[in-house]
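In: just the structure for this:
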Amino acid sequence: MARAGAPFELIARQLGHRDVAMVAKVYGRFKANTEERDRWERIAAARDTEKWNEGYDDSRGGTRTRDPGIMSAVL
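Out: Have a look, this model is predicted:
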């Protein structure tokens with residue numbers, strides 16, 4: 001969770017710890033830095049764009065699926 005950028009307060013609650021300082025001391029080394037988080041955000045945004053655009057066909061009424069059967073009742 002720390003690597004993914006979750007707040008230490010949330011990690012402490014999930015693990016049942018009373019003190020956030022203990023979580024920061026033990027798991028602080030796993031916290032992602034700003035450059036890593038920015039890089040992950042760029043990768044996620046690029047993948048979202050790819051998923052959003054693949055299978056898009058305006059000629060079928062703008063469905064965003066590869067399977068025309070899913071939207072055949074609507075079209």
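
In: what comes into contact with stretch 4-23?
Out: Defining contact as CB atoms under 8 Å, 6 or more residues apart in numbering, one finds that stretch 4-23 is touched by 1, 2, 24, 27, 28, 31, 32, 37. Glycine gets a C-beta too; all of them are placed from N, C-alpha and C.

In: and those residues, which two are furthest apart?
Out: Within the contacts of stretch 4-23, 24 and 37 form the most distant pair, 17.2 Å apart (CB to CB).

In: what distance do you get for the residue positioned nearest the centre of the chain to residue 28?
Out: The residue lying closest to the centre of the chain (CA atoms, centre = their mean) is residue 44, at 6.6 Å. Look at residue 44 and residue 28: by CB to CB, to the nearest Å, they are 24 Å apart.

In: do residue 19 as well
Out: Separation of residue 19 from residue 28 (CB to CB) stands at 13 Å.

In: could you do residue 52 as well?
Out: In terms of CB to CB, residue 52 sits 36 Å off from residue 28.
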